[in-house]
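*Asks:* turn this into a model:
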Amino acid sequence: MPGMVAFGRRWGIASDDLVFPGSFELFVRVLWWIGTLSLYTLHKGKFDCSGGRVLHSYLVVLLILLAFIILSLCAIVYVSAQGTITNPGPRRSIPVLVYVRAMLYVPELIWAILGAIWVSDDSQGCRPAEVGAVIAAVVASWILLLSTGVGVLFVFDPLGTTHPGSQSQELLGVRDLESSQGSQLLSTARSVAVRVWESRLRLLCCCLPRDESHRAAFSSIAQLVSGFFSDTDLVPSDIAAGLALLHQEQDKMEQCRDPDEALSHSPSSPIAEDLQAELEKAAHCMQFAVAAYGWPMYVYSNPLTGACKLSRDCCKTQSAEYDIVGGDNMGCHFSSVLHSTGLQYRDFIYVSFHNQIYEIPFFVALDHKREAVLVAIRGTLSLRLMYISNLPVEGVSGTCYAHKGMSQAASYICKKLLNDGILNQAFTIAPEYKLVITGHSLGGGTASLLAILLRSSFPTLRCYAFSPPGGLMSKALADYSKEFVVSVVLGKDLVPRLSYPNMEDLKRRILKMVSNCNKPKYRILLQGCWYELFGGEPDDFPTEMDNRRKEELNQPLLGEESLLIRSSSSYQGLASEESPVHGSHLPLFLPGRILHITEDGPSRRSCFSQVRYRVQWSSETAFRSVLISPRMMADHMPDSCFFLSPVLNPPQLLSLFCPHPMRGSSTAKSKGQDN
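*Replies:* Below is the predicted model:
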């Protein structure tokens, strides 16, 4: 629901978000009151020093203050737990209770200051135990006051209007966006939102340089984030509740779905042989894609021995030996690449660890085992997420466009490879070798676009992209890349499903879930946390739409439109349940053929149980929506892909493969090792 309005502005929490913080503070305050009462009872009549009466009075007043605070917290927790997300009628008294609670901070602050003064000035001659007990009470007061101040800063919304209510909503776009005054106000609000998000991103990425290129990237990402959330009036807890509901709904639909009938093939069939061959090549390229991340990933993958192995190589004087390496002054990155790939120094043609905007790390090496000139590209966070750009490719019919940031990164690497003669040098040494390009995450997306750019010059090249982003290239380019690009996706990885249309669809579904559920938010979050941690059957959350005649609502039912600050084209398709809403954004697709690897069996298993994997060719339609799962980010991590390399070895594959996506079939499995 919209953020709570108090003290003349709108905050980053709703009126039903006070259950958990209020309960926690209530628990602490009750314990503190019991401790203070015990202290007062034990030392009553024993404050016989010069300042004993003052210390005695301090404890008495503190007990009274704590009693009033506890009563106000009980009222806040009880009222905040009433109603539902979009039915705040039972919580209309929350602002008044917040004002009462805030007023109690004034005497508490004054009393904490006086307590500190009295303890320091009037405790001479008192027993150390008595003085220590009072000091503990004073320190506890200051800790709680400072914690409250930090909490207020955390929920403070710098974009909160100073004139809340229906009038501000009208000014924001519901009343008259066509007027010059309304348009000017909306433009000002958007620019403020962009500046705020840009400041937040700079704070999160404080270690990055402050040059012009980084400022441009921060500005672009800030425009994306602020624009994406600008047409909703949801607080973060609403989004968390919607994700919990959506996850259980998706699991319930998956359990109720009938297994698809899959056509099995023998290991000698052309489809199975093709799949097995691609799996073997992907498993080999995976180590190079992960090695491109450098020493942090190597140490993370080898926690017991990684640091010791690298310590022998780092910080050595290697200027003459490592003249092909750039941006790695300590030599640790290159040492980790040598250890990860098993190659020798002489096998590397070019290595760059420069990490600037669109200048991402990559290396070129001779892979003698596969007789390939291998280009491995590292993933990066320094790419624009907001725009697409034209990427004309000779011989491709249809509209050609791609992710702008990764297109520019691919163009940078392409120029380095061709203009600096890197590939020419490699093929001079090994003219019979083939070109292979690989990368993980955004590095996988960049590798795919680089393969498209180099395809005309190297017709036999191959590309293996691990967990590439879903919003990458147009349909024409995706179809064109099927001849030479293989995308490997693990489980419910979020990034291959991450595109603007998919995110708009996710936002639409979250709005529908939170607006229809008739349970209070605290119950949704508690049950959602239990389900994420311990599993069980998905909860069947009833809707207010179904029960509006059985239960009298204290306020007219609010729907999805009430959660919008202004109308948005993203929600014109709210009545549609199946297809994502693309709005005005052009659709983008995963590159090449998609190799999808999923765990077969229950989603939750013991740490020592054997893992079995289903391997299948999939299509881009299987990635048109975001799947909520505890592993949606874990499945994307490089170490998750890296541990699959022994799983993908052909001797460990079972004999049945399926050429089409399967959602319930037990065929097409691969047998993994213990996780």
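*Asks:* how much space between Ala283 and Val106?
*Replies:* 66 Å (C-beta to C-beta, to the nearest Å). No exception for glycine: its C-beta is placed from N, CA and C like everyone else's.
*Asks:* in stretch 473-491, what's buried?
*Replies:* Residues of stretch 473-491 classed as buried: 473-474, 476-481, 484-491 (neighbour count, 16 or more other C-beta atoms under 10 Å).
*Asks:* mind checking the pLDDT average for it?
*Replies:* Averaging pLDDT along stretch 473-491 gives 93.
*Asks:* first-to-last residue distance for it?
*Replies:* Distance across stretch 473-491, first residue to last, is 22 Å (C-alpha to C-alpha, to the nearest Å).
*Asks:* is it fair to say Pro392 lies in a helix?
*Replies:* No - using DSSP: H, G, I helix; E, B strand; the rest coil, the assignment for Pro392 is coil, not a helix.
*Asks:* who are the contact partners of the residue lying closest to it once chain neighbours are set aside?
*Replies:* In this structure, Pro392 finds its nearest non-sequential neighbour in Cys400, 5.4 Å apart by C-beta to C-beta, 6 or more residues apart in numbering. Applying C-beta atoms under 8 Å, 6 or more residues apart in numbering to Cys400 gives the contacts Asn390, Leu391, Pro392, Val393, Ser474, Ala476, Leu477.
*Asks:* right, and the fifth one touches Thr399 too?
*Replies:* Yes - applying C-beta atoms under 8 Å as the test, Ser474 and Thr399 come out as touching, 5.5 Å apart.
*Asks:* on that earlier part again, more crowded one of Ala283 and Val106?
*Replies:* Between Ala283 and Val106, counted using other C-beta atoms under 10 Å, the more crowded position is Ala283 (18 against 9).
*Asks:* which element is the more buried one on?
*Replies:* helix 270-291 (DSSP states H and E).
*Asks:* likewise for Gly379?
*Replies:* Counting by DSSP H and E, Gly379 is found in no helix or strand.
*Asks:* how is the chain partitioned into domains?
*Replies:* Listed domain ranges for the chain are 5-155, 272-490 (source: the TED database).
*Asks:* may I see the ones you listed arranged in JSON lines, with distance to Ile597 as well?
*Replies:* Formatted as JSON lines, these follow (distance: least, C-beta to C-beta, whole Å):
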{"stretch": "domain 5-155", "distance to Ile597": "37"}
{"stretch": "domain 272-490", "distance to Ile597": "5"}
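*Asks:* tell me which of the ones you listed lies nearest to Lys519.
*Replies:* Shortest distance between Lys519 and the domains of the chain, using C-beta to C-beta, is found for domain 5-155: 6.6 Å.
*Asks:* any idea of the mean pLDDT for that closest one?
*Replies:* 82.
*Asks:* stretch 389-408 spans what distance, first to last residue?
*Replies:* First residue to last in stretch 389-408 (C-alpha to C-alpha) measures 9 Å.
*Asks:* which positions within that stretch qualify as buried?
*Replies:* Of all the residues in stretch 389-408, those buried under the rule 16+ other C-beta under 10 Å are Leu391, Val393, Val396, Cys400, Tyr401, Ala402, His403, Lys404, Gly405, Met406, Ser407, Gln408.
*Asks:* sec struct for the closest residue to Val235 other than its chain neighbours, please.
*Replies:* Computed as C-beta to C-beta, 6+ apart, the closest residue to Val235 that is not its neighbour in sequence is Ala14, at 4.9 Å. Here Ala14 is recorded as coil under three-state DSSP.
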